[in-house]
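K.L.:
Can you look at this prediction? I've put the sequence above it.
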Amino acid sequence: MTRLRVSIGKRLFFAMLLSIMAVAAIGVELVRWKLSDHASQYATHIEMDHLDGLFDALSAQYRQHYDWSFLPASSEQRKRWLRDELARVHADQQPGTSPLSPSLSYRIGLLDGNEHYLAGAIANRIMVVVASIDRIERPIVVDGKLAGYLVIAKSQNPDDELAVAFLIEQQRNLSILVAIGVLLSVLAAGLLAAHFRRPVKQLVYGARRLGQGQFATRLSIRRSDELGELADTFNHVAARLQDTERWRQQWVADTSHELRTPLSVLRAQMEALQDGIRTAKPETIALMLRQVQSLTKLVDELYELARADLGQRQYDKRSLDAWLLVQDVLVGFAEKFRVAGLTVSFGTMPPRVMVHGDVERLRQVVGNLLENSVRYTDAGGRIVVSGAVIGHAMHITIDDTAPAVPADLFDRLGERFFRVESSRNRQLGGAGLGLALSRHIVAAHDGRLAFAASPLGGLRATLVLPLES
């Protein structure tokens, strides 16, 4: 089923037109209400008695001339002529006749046999509907021939007769005002539609380009209204999509690179075995096993990151002592510290240490941070672990000695596959996914992971976790 499309211009036009019609109808009702306070109530049969005399006079003049040729030539004179004729007929009546209604002469009109206007005041059909006017037509029959109609306009409420007379008298002016109102509605609707249509067309065009994958699309709409806000939001979304697409392409390239290295080593070793260049010694098998383990770890980390992105990782959160957890992880790293030639110092216990979290996941975060320090700190260096309570959060800080990380790269630590291009490189470490996983885990605990320059000359990593209430 095809959906009917109505443009903004048409919607605005109809809205303004309905508003003008509503105001006009209210104005008509106000006129009727205001004037009805001064209207005299006359019974219908009294008005018809006055019209009987006019009816006879019109019939007699038509019989005398055999047509309506005796009427004045101009329409303005004809309008006044019927009023004057009613006044003349009423003056000729016998003394004691009831007074003439002041509005009656403005509510009568004369039509020919084909109901074409001849004289007096005739309420048009629109006024009949809007003002709830009844048109009573009394046929004028002369010598058995229909000569015309004497028409009287009456309100459903006798108190509104003066208001009806006023509206009939001003209906031409009201029609002009309505026509002007309609033209103004068309003009205003056209201008407003043009004002709105340009940015809307740009938004539609931009949305189509985004749908085609052209994420560099931007809108140059500068407005202070909702459309301007929508355009700013569009540009923000387009920028995010562009960044996401760039990240996706980089992700694919980095993943391929990280997988290629151990696979190349494995392939070279297996081809050497196949060609008889090397034999299956324990050292060769151990080398191949290390590459398989490297591949396995990389695939596992990619899988965990993918699950984290989809929100599929499950957390078994409970109340735990975060400081004790850090101590346990440090004990497990004692041998690594010794082999790397690093000394470790541990700060005093913070006044509050209880947090709500997943023990194994947080242990993984602390382990990743310590592993990062072990791998990238020069031999003979130091690692200092300290804790503090700031506000309603516990801050666990890990400082290490040189080498340092450039300050402009702090925000990038934790990006997937990102490694600092210095001594902190892949020859010493892994694929650069550990910190990315750690950021996901910490975010799931409503915490944050921050990096800064360490006063010891290396890197400071700060794990912030909200304390239990």
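P.N.:
Structure received.
K.L.:
Check residue 404 and give its pLDDT.
P.N.:
pLDDT recorded at residue 404 is 88.
K.L.:
all helices in the stretch 51-200 of the chain, in order from the N-terminus.
P.N.:
Listed from the start of the chain, the stretch 51-200 of the chain has helices (DSSP state H, counting those that start in this stretch) covering 75-92, 125-130, 161-169, 171-211.
K.L.:
any chance of those helices in CSV, plus distance to residue 265 and mean pLDDT?
P.N.:
(Glycine included, C-beta is placed from N, CA and C.) Shown next, in CSV, are those (distance: least, C-beta to C-beta, whole Å; pLDDT from 0 to 100):
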stretch, distance to residue 265, mean pLDDT
helix 75-92, 107, 78
helix 125-130, 91, 58
helix 161-169, 98, 61
helix 171-211, 42, 77
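K.L.:
and those helices, which is most packed in?
P.N.:
Using mean count of other C-beta atoms under 10 Å, the stretch among these with the greatest mean number of neighbours is helix 161-169 (a mean of 23).
K.L.:
hmm, back to that, and of the helices of the stretch 51-200 of the chain, who's closest to residue 376?
P.N.:
helix 171-211 (40.8 Å; C-beta to C-beta).
K.L.:
Distance to residue 346 for the helices of the stretch 51-200 of the chain - can I get that in TSV?
P.N.:
Written out in TSV, the entries for the helices of the stretch 51-200 of the chain read as follows (distance: least, C-beta to C-beta, whole Å):
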stretch	distance to residue 346
helix 75-92	108
helix 125-130	90
helix 161-169	96
helix 171-211	53
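K.L.:
Looking at those, which is nearest to residue 347?
P.N.:
With C-beta to C-beta as the criterion, residue 347 lies closest to helix 171-211 of those, at 50.8 Å.
K.L.:
on that earlier part again, which of the helices of the stretch 51-200 of the chain sits closest to residue 220?
P.N.:
Ranked by C-beta to C-beta, the member of these that lies closest to residue 220 is helix 171-211, at 7.8 Å.
K.L.:
what's the domain layout of this protein?
P.N.:
For the chain, the structural domains run 39-169, 226-309, 317-466, going by automatic domain parsing.
K.L.:
Is it possible to get a markdown table of the ones you listed that adds distance to residue 214?
P.N.:
Conversion of the domains of the chain to a markdown table gives the following (distance: least, C-beta to C-beta, whole Å):
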| stretch | distance to residue 214 |
| --- | --- |
| domain 39-169 | 54 |
| domain 226-309 | 9 |
| domain 317-466 | 25 |
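K.L.:
do you know which of those lies nearest residue 205?
P.N.:
Proximity to residue 205, assessed across the domains of the chain by C-beta to C-beta, is greatest for domain 226-309 (10.8 Å).
K.L.:
Now do that closest one, average pLDDT.
P.N.:
Model confidence over domain 226-309 averages 78 on the pLDDT scale.
K.L.:
Equivalent analysis for stretch 55-64, please.
P.N.:
For stretch 55-64, the per-residue pLDDT values average out at 84.
K.L.:
distance between it and the chain's centre?
P.N.:
Between the mean C-alpha location of stretch 55-64 and the chain-wide mean there is a distance of 72 Å, by C-alpha atoms, centre = their mean, to the nearest Å.
K.L.:
That stretch: which residues count as buried?
P.N.:
Taking 16 or more other C-beta atoms under 10 Å as the basis for neighbour counts, the residues of stretch 55-64 that come out buried are 55, 58, 59, 62.
K.L.:
In strands only, show me those residues.
P.N.:
If you go by DSSP state E, these have nothing in strands.
K.L.:
Using TSV, please lay out these together with distance to residue 463.
P.N.:
Compiled in TSV, these are given as follows (distance: C-beta to C-beta, whole Å):
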residue	distance to residue 463
55	104
58	105
59	109
62	108
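K.L.:
and residue 302, what helix or strand is that in?
P.N.:
helix 282-309 (DSSP states H and E).
K.L.:
Show me what that helix is packed up against.
P.N.:
Helices and strands touching helix 282-309, by 3 or more C-beta pairs under 8 Å, 6 or more residues apart in numbering; DSSP states H and E, are helix 226-275, helix 434-444.
K.L.:
So for residue 116, which of the helices of the stretch 51-200 of the chain sits nearest?
P.N.:
helix 75-92 (12.0 Å).
K.L.:
can you pull the contacts of residue 441?
P.N.:
In this structure, residue 441 makes contact with 308, 358, 361, 362, 364, 365, judged by C-beta atoms under 8 Å, 6 or more residues apart in numbering.
K.L.:
now do 6 Å
P.N.:
Contacts for residue 441 (C-beta atoms under 6 Å, 6 or more residues apart in numbering) come out as 361, 365.
K.L.:
Residues in a beta bridge with residue 117, which ones?
P.N.:
Following DSSP bridges, residue 117 is listed with bridge partners residue 111.
K.L.:
how many other residues sit next to it?
P.N.:
Summarising burial for residue 117: neighbours were counted as other C-beta atoms under 10 Å, giving 16.
K.L.:
do the same with residue 400
P.N.:
Residue 400 is surrounded by 28 other residues when neighbours are defined as other C-beta under 10 Å.
K.L.:
which outside residues touch stretch 384-403?
P.N.:
Outside stretch 384-403, the residues within contact range by C-beta under 6 Å, 6+ apart are 322-323, 326, 345-347, 350-352, 369, 373, 377-378, 381-383, 423, 454, 456-467.
K.L.:
Quick one, which of those are buried?
P.N.:
Taking 16+ other C-beta under 10 Å as the criterion, what is buried in the contacts of stretch 384-403 is 322-323, 326, 350, 369, 373, 377, 381-383, 454, 456-467.
K.L.:
Out of the domains of the chain, which gets nearest to residue 206?
P.N.:
domain 226-309 (6.0 Å).
K.L.:
Right, I'll leave it there.
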